[in-house]
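> fold the following.
(3 chains, ligands or ions: 2)
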Amino acid sequence: MAGGCPRHFTNSQQEGRENLLFLQQLINGLQLGSIYALIALGYTMVYGIVRLINFAHGDIYMIGAYTGYMIATRLNWPFLPCLFAAMVFCAVLGMTIEKIAYRPLRSAPRIATLTTAIGVSLLLQNLVRYFIGPNYIPFPELFKRQSYVIYSAGSGLGLRTLTVSNIQIIVLVTALTLMFLLQFIVRKTKTGKAMRAVSFDKDAARLMGIDVDRIITITFAIGSSLAGAAGVLVGIAYPRIDPGMGVLAGLKAFVAAVLGGVGIIPGAMFGGLVMGSAETMVLAYGKSTYRDAIAFTILILILLFKPAGLFGKSVSEKV
Amino acid sequence: MKNVSIRIMALCLVLALIVSLVGCTKAPVQTTVKEIVIGVVAPMTGDVATFGKSTRQGVELAVKQINDKGGINGSTVVIKAEDDKNDPVEAANAALKLISKDKVIGIVGSVASKCTLAAAPIAQSNKIPLISGTSTNEKVTQVGDFIFRACFIDPFQGLVMAKFASENLKKTTAAVLFDIDNDYTKGLAEQFKLNFEKMGGKVLAYETYGKGDQDFNAQLTKIKSFGPEILFLPDYYNTVGLIAKQARAQGIKAIFLGGDGWDSEDLVKIGGDAIEGGYFSNHYSPDSTSPEAVSFRSAYEAAFKATPDALAALAYDAANILMEGIKQAKTTDGTAVRNAMAGLKNFKAVSGNVSFDSNRNPIKGAVILKVQGGKQVFEAVINP
Amino acid sequence: MSLLDVNQVSMHFGGIKAVTDFDLHLVPGELVGLIGPNGAGKTTVFNVITGVYQPTCGAVVLNSGDLSGKKPCRITQAGIARTFQNIRLFGSLSVLDNVKIAYHFHATHGVLASVLHGSKHFAGEEIITKKALELLDIFGLTPRKEEKARNLPYGEQRRLEIARALAARPQLLLLDEPAAGMNTNESRDLVRLIDWIHHEFGLTILLIEHHMDVVMSICRRIVVLDYGRIIAQGTPDEIRANPKVIEAYLGEEVSS
Ligand SMILES: Nc1ncnc2c1ncn2[C@@H]1O[C@H](COP(=O)(O)OP(=O)(O)OP(=O)(O)O)[C@@H](O)[C@H]1O
Ligand SMILES: [Mg+2]
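Ligands and ions are numbered 1, 2, ... in the order given. Predicted coordinates for the structure are as follows:
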């Protein structure tokens, strides 16, 4: 569809331009992907521990965006305190949801919990619709947008520079910092080890003195706080929020989690980044109509060929 | 703030309850007083709710002014409004409800073309005249001879902006980025490309996105690689604001152009500095100097403590055109009203003098507004 | 003064009476064997003591403290640790982490203490690592410490499970068939090891075992379960001579 104009490139010029374009698109994809990754981490953590696909997770991300919005507009706090407050609020929200909605159903059939999760998701959306309003609202500008040229390739037609905006840097750095922090918590701390133990064998963990309920609560808290952070980052990167924003983002993050292998933390990070990049590349080299289709294509392919995810070990079903 | 609005809401609820109770007891007696009921379909909630609010206020003002002068041929005009949430299905339901339950004589609405396109066939088959203030898609009035509009049509806005870009701004290269799922932005995009190229310009990139997208970096990077002088963004304000920000963050220096979808205070709230210096076509500017426009503005400001936007002006015009039709027909019969509306010549409306062509589209000029210092500034008038 | 009192415990699952009127009193430092045919209810007794099941009736008392209604993790923290009939290590964690995790949660502190109290945390971490390594040494697992638990050979997994249980610093250790699936040599080594830790750590041990030679060689006292009821108890010699036991084990070899 791209309108053609006569271009007179030598082959090598053309190639350089294409490479630059690809790199620039990759940067765009990583920004989007790091947000998906943050949401995907929560899905994966919760699934890993309670084997529950927490469909309300995308809405916690939405609440994170709204918390950031409230704090930034009412209290005029800057970015970091805003991010921190949204994370804390979402952590508390996640814990509350777990205690009230999921814990009583822990030994109930899975479909009951799943239905409850969808109910919680609708509840959160509608609470925001009722108390704040159903419409798009602009997210306040916490940073003045600036862009930096990180590479410049002389003159001529086509993309000549590689540009990174401060927003992209902030989103990427924040997301990566949080991911590494999470990785540290899970790998190195006692709580993190307990999480892994609980996810491996709840009963054995219990009998090693691990308070499984508390570990589950902490898992929800951490997962939800990451979603909250993603909400604020999205507000900064794409400053328009609405009560339904968590649905599609949550779905895509879920696909990202499945792509990496549900329950596997590095898998979720990787899956998120891949999803973001894939989406961007579809837009860059394909048609915008396929943007959302790519997520579900990936989901179907993964389920067909590597159901345990890219990072998961395939366990053959015992018949 | 919040408490006050809650209290007002509660008060309204109580009042509504009382009114409905009183209404019930009086119902049998009321048959002697003849009321003319007109319907409004507009998005009161959803992604373009500010459009719905302006539309409603425009209609309310027109009706109030008519009633203050004794109504139409002695009958009071009553408004029944329905929310379509900017959703075609809801719009069709709203039209059906207004016609079958509220027995309206005519309908003003809806705002978005996609919604009007859904509501129009229902009005058409019931022989109820429907006039949209703002649905600019060509197909709207092609639904049938009972469908009118108070605004010019999409091809015209695409043409206007193409003309403005090449004749006023003297630019020769452009890129277009639009929502492929939306007839409105698609219509503008197509016509802009067609006319800009006809006038000797080059459209270097013609890119699309989908409904609800927030991330446009991929398309913008592509556009940037072509280095156009103009970037045509024919979407609604909230999306345009997002695109503008991301475009400037990528270092795109093109001038942004758009259509009447830009017309909202939220454009600047979302777009910030990025949207500064952009131009868009519109049906109306509050700075217009015609006597109708001046008196409309002062009445609107007195009633709603806000400056009217184009949506309000067009809804006001649409309501007045409909009521003028009813007045001239001297009956509430749908066909007679339609014929009277179609026959209007140089009807003095706020957005210009309206005559209808054979497709019930008004023939009139467009204004170009510039976003400057966070405000809309009158720039030029472009005639077809 | 006994360490553990199991008073008249019954455990019924619907119609199945897995354990009925079970009574057991352990004096500190005892090593008692719990035997019985398959399905006799031995593991169920362990599950009741460790709080996995709430008994249908009766009570479990540790150090004069009633354990009824306590969460399993609290019971572990109160001083009871166990191993499992089917190995239940944390397979995705390293051998060292399996042991450390039990150390950590012996007495828990604040939720995020380990994240927030940096220096204190690391000091504590060092001590725990040291102690865990000592334990691994005893069980001959030091060379394997970085490996994932699931990659260990079967015999070593059994030993690691005991090491992990010890890391919870119990007063009472419950071993559910620790020699299951081992050959004669391996199980003889294991007996020696159990005997050693019994003395070295001053532990009280309750041992379920199918290898009669194991039980007979290290237990001073043996309790025999059949169909959920105690049918005999006494010294190995008494048990060996008990006709009820012989009947219950009809066809099985009682004496070694
Ligand atoms: N959760 C449960 N629900 C229902 N029945 C159970 C449950 N746990 C155990 N049982 C039943 O209780 C009885 C005793 O089981 P238990 O596992 O305690 O036997 P055991 O003596 O450990 O046998 P083995 O030597 O085979 O390990 C069995 O009939 C078993 O089926
Ligand atoms: Mg057993």
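
> neighbours of the nearest residue to C:Lys145 once chain neighbours are set aside, just the number please.
Using C-beta to C-beta, 6 or more residues apart in numbering or on different chains and skipping the chain neighbours, the partner closest in space to C:Lys145 is C:Leu96 (4.2 Å). (Each C-beta comes from the backbone N, C-alpha and C, glycine too.) By other C-beta atoms under 10 Å in any protein chain shown, 20 other residues sit near C:Leu96.

> hey, which helix or strand in the chain has the poorest pLDDT?
Picking chain A for this. strand A:147-152 (a mean of 81; mean pLDDT, DSSP states H and E).

> hm, I was asking about chain C
Every helix and strand of chain C was ranked by mean pLDDT, DSSP H and E. The lowest is helix C:113-116, at a mean of 48.

> after that one, next one along is what?
Where DSSP states H and E defines the elements, the next helix or strand beyond helix C:113-116 is helix C:118-138.

> just the C-alpha atoms of that next one, please, in CSV.
Taking C-alpha atoms only, helix C:118-138 is exported to CSV below (Å, rounded to 0.1, in the frame of the first residue of the first chain):
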residue,chain,number,x,y,z
GLY,C,118,20.4,-6.2,53.1
SER,C,119,23.5,-6.7,55.3
LYS,C,120,21.7,-8.7,58.0
HIS,C,121,20.2,-10.9,55.3
PHE,C,122,23.6,-11.6,53.8
ALA,C,123,25.2,-12.4,57.2
GLY,C,124,22.3,-14.8,57.9
GLU,C,125,22.6,-16.2,54.4
GLU,C,126,26.3,-17.0,55.0
ILE,C,127,25.6,-18.9,58.2
ILE,C,128,22.8,-20.8,56.6
THR,C,129,25.0,-21.7,53.6
LYS,C,130,27.7,-22.9,55.9
LYS,C,131,25.3,-25.1,57.9
ALA,C,132,23.6,-26.5,54.8
LEU,C,133,27.0,-27.5,53.4
GLU,C,134,27.9,-29.2,56.7
LEU,C,135,24.7,-31.3,56.4
LEU,C,136,25.4,-32.1,52.7
ASP,C,137,28.9,-33.3,53.9
ILE,C,138,27.3,-35.7,56.3
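
> buried residues, it. List them.
By 16 or more other C-beta atoms under 10 Å in any protein chain shown, the buried positions in helix C:118-138 come out as C:His121, C:Gly124, C:Glu125, C:Ile128, C:Ala132, C:Leu135, C:Leu136, C:Ile138.

> those: which two are farthest apart?
Greatest spacing in the buried residues of helix C:118-138, by C-beta to C-beta: C:His121 and C:Ile138 (26.1 Å).

> coming back round to it: give me the lowest-pLDDT entry from the buried residues of helix C:118-138.
Comparing pLDDT over these, the lowest score belongs to C:His121 (53).

> quick one, longest helix in chain A?
Ranked by residue count and defined by DSSP state H, the top helix of chain A is helix A:11-50.

> next, the angle from that one to strand A:147-152.
Counting by axes from the mean of the first three to the mean of the last three C-alpha atoms, to 10 degrees, helix A:11-50 points 130 degrees away from the direction of strand A:147-152.

> any residue of helix A:11-50 touching chain B?
Yes: residues of helix A:11-50 are located near chain B by C-beta under 8 Å from any C-beta of the partner chain, namely A:Arg17, A:Leu21, A:Gln24, A:Gln25, A:Asn28, A:Gly29, A:Gln31, A:Leu32.

> burial count for the residue of the stretch 51-200 of chain C found nearest ligand 2?
Relative to ligand 2, the nearest point of the stretch 51-200 of chain C is C:Gln85 (4.6 Å; C-beta to the ion). C:Gln85 has 15 neighbours, counted by other C-beta under 10 Å.

> what bridges to the closest residue to it other than its chain neighbours?
Leaving aside its sequence neighbours, C:Gln85 sits nearest to C:Asp176 (C-beta to C-beta, 6+ apart; 4.4 Å). Per DSSP bridges, the residues bridged to C:Asp176 are C:Ile208.

> tell me how far C:Asp176 lies from C:Thr83.
6 Å (C-beta to C-beta, to the nearest Å).

> okay, the two: which has more neighbours?
Neighbour comparison, C:Asp176 and C:Thr83: the larger count goes to C:Thr83, with 27 against 21 (by other C-beta under 10 Å).

> tell me, how many residues neighbour the closest residue to the more buried one other than its chain neighbours?
Excluding the flanking residues, the one nearest C:Thr83 by C-beta to C-beta, 6+ apart is C:Glu161, at 4.4 Å. As a burial measure, C:Glu161 scores 23 neighbours (other C-beta under 10 Å).

> which phi and psi values does C:Arg220 adopt?
C:Arg220 adopts backbone torsions of phi -80, psi -30, taken as degrees, to the nearest 10.

> repeat that for A:Phe139.
In terms of degrees, to the nearest 10, the main-chain angles of A:Phe139 are phi -80, psi 130.

> quick check: it touching A:Ile241?
Yes: contact between A:Phe139 and A:Ile241 holds when scored by C-beta atoms under 8 Å: they sit 5.4 Å apart.

> state the pLDDT value of the residue in the stretch 151-256 of chain C that chain B sits nearest to.
Chain B sits closest to C:Asn151 of the stretch 151-256 of chain C, with a gap of 43.0 Å, by C-beta to the nearest C-beta. Turning to C:Asn151, the model gives it a pLDDT of 91.

> show me what contacts it?
C:Asn151 makes contact with no residue, according to C-beta atoms under 8 Å, 6 or more residues apart in numbering or on different chains.

> next, work out how far apart it and C:Gly91 are.
With C-beta to C-beta as the criterion, C:Asn151 and C:Gly91 are 8 Å apart.

> for B:Leu204, same thing?
B:Leu204 is 58 Å from C:Gly91, where distance means C-beta to C-beta.

> contacting residues around the residue nearest to C:Asp195 when sequence neighbours are not counted?
Leaving out its chain neighbours, the residue that sits closest to C:Asp195 by C-beta to C-beta, 6+ apart is C:Ile218, at 5.2 Å. C:Ile218 makes contact with C:Leu31, C:Gly33, C:Val191, C:Ile194, C:Asp195, C:His198, C:Leu207, according to C-beta under 8 Å, 6+ apart.

> neighbours of residue 236, just the number please.
You didn't say which chain, so I picked chain A. Counted with other C-beta under 10 Å, A:Ile236 comes out at 25.

> hmm, I had chain C in mind actually
A total of 19 residues lie near C:Pro236 under the criterion other C-beta under 10 Å.

> also the one 4 residues further on?
When neighbours are defined as other C-beta under 10 Å, C:Arg240 has 16 of them.

> how about C:Lys148, phi and psi?
In terms of degrees, to the nearest 10, the main-chain angles of C:Lys148 are phi -70, psi 140.

> contacting residues around it?
C:Gly91, C:Ser92, C:Leu93, C:Ser94, C:Val95.

> mind redoing it with 7 Å?
C:Gly91, C:Ser92, C:Ser94 (C-beta atoms under 7 Å, 6 or more residues apart in numbering or on different chains).

> quick check: pLDDT value at the first one.
Pointing back at C:Gly91 there. Looking at C:Gly91, its pLDDT is 87.
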